[in-house]
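**Student:** Let me see the structure of the following:
(chains A, B, C and D)
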There are 2 protein chains.
Amino acid sequence: MNGPARTSTRDIARAAVQAELAQVAFELFRRDGFDQVTISDVAAAAGVSRSTFLRYFGSKEEAVLLAVDGQGEQVAGALRARPAGEDDWTALRRALDPLIEHYRAEPAGALALTRLILETPALRSRLLEKQAGWGPALARTLTERAGLPQPPALRSLVRAAAAVNCLTIAVDRWTGSGGRLDLADLLDEAFAAFTTR
Amino acid sequence: MNGPARTSTRDIARAAVQAELAQVAFELFRRDGFDQVTISDVAAAAGVSRSTFLRYFGSKEEAVLLAVDGQGEQVAGALRARPAGEDDWTALRRALDPLIEHYRAEPAGALALTRLILETPALRSRLLEKQAGWGPALARTLTERAGLPQPPALRSLVRAAAAVNCLTIAVDRWTGSGGRLDLADLLDEAFAAFTTR
DNA sequence: CCAAATGTGAAACTGAGTGTCACTGTAGCC
DNA sequence: GGCTACAGTGACACTCAGTTTCACATTTGG
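**Tutor:** A predicted model of the protein is given here:
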């Protein structure tokens, strides 16, 4: 009967432990390869039991993709904040700015993370899965923004999904360039694929 | 030192057994749910050992997604066959025609398959994974078609990926409508998301 | 200070996927 | 026709992911 439980001391502790485990896991994965490291290895390195690790993460992949969680929400939030009159496509592009700002602020960490994910099929797959959920969420926001009734029209779904795609492709190329290319430029170029003839 | 081995009697037998196993597996999955059925169940129902099943399919998911394999190649082939002067976006749309023809020809089977896949997270994920590979492949074909040097420009990658997205979204909605809506119309509408303002 | 809730570790269990080995039928060859 | 080489199969053992259960400790709120 209780509501969705406000953030308590416990939740903070939980988040801290989770972050610590993710950190340890990430370093092991990077050093030895995701598939070579077992959950027990990570648990041992972090000084907890296998049980505990699995209580914090539903799977080995989650320990890495924790960093990606909430990005979808972040983009949706940014999209909601765009001016009402703005064109869909422009709004979607601008909604990605806060996200790529993170890459600009900490290129080394972001590069290591994306490399690990892109090079590991299991992680790439889970990321795709998560991102597949962003499309519909952004489409709902687009529809809401335009004052149209839900569910979203095909048009919104397609555009939102395409925006996510642009992000994926731009990050892919950015990673391929070793972080040397400018992610914002790449994104602009990707988004221009439909506006230029 | 041998080349890629021409199709032999053995390969045909292998394909037949594979199809048979896939058929048995599909029926069990549909009846009891993908997660409820173990590989041993399928093997037993098909009258082979678990080992044999796993020799034909790298995973449980593969037994279902065998039906999807080669679709990427099919679309790439159709794209290559489009007239040279044709606009990218139109060519991509038309390249999907042979694929959706299959849905039109056998709606019941296609519907059962897509439902199973869309309702099962593990299968949906594997499908996404496969489809993620189609984008770059189509982009290469687009680039080739235009007489441009590889690798594909961002523009081609984005457009090709968007086309695959349109397919996914249209099929999604088609499935949601119980197969009552026309898939070709849905695809046209999806593709129009960028050409209409 | 006590009782309930929560975090942790230990352990058993299921099922996926890998690898090995011995057996069997068949295909090609002499 | 008989022999050999090999591919397909089944049995088995193994590792690891992920789930569940239970007992114990710690923290928290009354």
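**Student:** Just name whatever secondary elements the helix or strand harbouring A:I100 is in contact with.
**Tutor:** Taking DSSP states H and E as the definition, A:I100 sits inside helix A:97-105. With contacts taken as 3 or more Cβ pairs under 8 Å, 6 or more residues apart in numbering or on different chains; DSSP states H and E, helix A:97-105 sits against helix A:71-80, helix A:154-176, helix A:183-195. Quick note: C-beta positions are derived from backbone N, CA and C, even for glycine.
**Student:** For A:G85, which three-state class applies?
**Tutor:** Three-state secondary structure (criterion: DSSP: H, G, I helix; E, B strand; the rest coil) places A:G85 in coil.
**Student:** tally of neighbours for it?
**Tutor:** Taking other Cβ atoms under 10 Å in any protein chain shown as the criterion, the count of residues near A:G85 is 6.
**Student:** mind showing which ranges of chain A have poor pLDDT?
**Tutor:** Confidence mapping of chain A against pLDDT under 70 gives the ranges A:1-11.
**Student:** Of the helices and strands packed on helix A:97-105, which stretch is the most buried?
**Tutor:** Looking across those with neighbours counted as mean count of other Cβ atoms under 10 Å in any protein chain shown, the highest average goes to helix A:154-176: a mean of 23.
**Student:** Which strands and helices lie in contact with it?
**Tutor:** Contact here means 3+ Cβ pairs under 8 Å, 6+ apart; on that basis helix A:154-176 packs against helix A:88-95, helix A:97-105, helix A:107-119, helix A:121-145, helix A:183-195, helix B:154-176, helix B:183-191.
**Student:** of those helices, which approaches B:Q23 most closely?
**Tutor:** Within the helices and strands packed on helix A:154-176, the stretch nearest B:Q23 is helix B:154-176; the backing value is 20.8 Å (Cβ to Cβ).
**Student:** Now do that closest one against helix A:154-176, angle only.
**Tutor:** Orientation check (axes from the mean of the first three to the mean of the last three Cα atoms, to 10 degrees): helix B:154-176 against helix A:154-176 gives 140 degrees.
**Student:** Pull the residues that contact the helix holding A:I100.
**Tutor:** Helix A:97-105 has contacts (Cβ atoms under 8 Å, 6 or more residues apart in numbering or on different chains) with A:71, A:74-75, A:78, A:110, A:167, A:171, A:174, A:183-184, A:187.
**Student:** ditto for stretch A:184-197
**Tutor:** The contact list for stretch A:184-197, computed with Cβ under 8 Å, 6+ apart, reads A:89, A:92-93, A:96-97, A:100, A:104, A:162-163, A:166-167, A:169-170, A:173-174, B:154-155, B:157-159, B:162, B:194.
**Student:** so who does the residue in chain A positioned nearest to DNA strand D touch?
**Tutor:** When scored by Cβ to the nearest atom of the strand, chain A has A:S59 as its residue closest to DNA strand D, at 3.3 Å. By Cβ under 8 Å, 6+ apart, A:S59 lies in contact with A:R126.
**Student:** who's in contact with the residue positioned nearest the centre of chain A?
**Tutor:** For chain A, the residue sitting closest to the mean C-alpha position, by Cα atoms, centre = their mean, is A:V68 at 3.3 Å. Applying Cβ under 8 Å, 6+ apart, one finds that A:V68 lies in contact with A:127, A:130.
**Student:** so how far is stretch A:94-101 from its chain's centroid?
**Tutor:** 12 Å (Cα atoms, centre = their mean, to the nearest Å).
**Student:** and chain A, which residues reach DNA strand C?
**Tutor:** Proximity of chain A to DNA strand C, by Cβ under 7 Å from any atom of the strand, involves residues A:10, A:14, A:17, A:47-49, A:51-52, A:55-56.
**Student:** With only the CA atoms kept, save stretch A:38-46 in CSV.
**Tutor:** Coordinates of each C-alpha in stretch A:38-46 appear next as CSV, following Å, rounded to 0.1, in the frame of the first residue of the first chain:
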residue,chain,number,x,y,z
THR,A,38,33.2,-15.1,-13.8
ILE,A,39,30.8,-13.5,-11.4
SER,A,40,32.7,-15.3,-8.6
ASP,A,41,35.9,-13.6,-9.8
VAL,A,42,34.3,-10.2,-9.5
ALA,A,43,32.7,-11.0,-6.1
ALA,A,44,36.0,-12.2,-4.8
ALA,A,45,37.8,-9.1,-6.0
ALA,A,46,35.2,-6.9,-4.4
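**Student:** what sits up against it?
**Tutor:** The contact list for stretch A:38-46, computed with Cβ under 8 Å, 6+ apart, reads A:20-21, A:24-25, A:28, A:49-50, A:52-54, A:60, A:63.
**Student:** So that stretch, near DNA strand D or not?
**Tutor:** Yes - residues of stretch A:38-46 contacting DNA strand D under Cβ under 7 Å from any atom of the strand: A:38-40.
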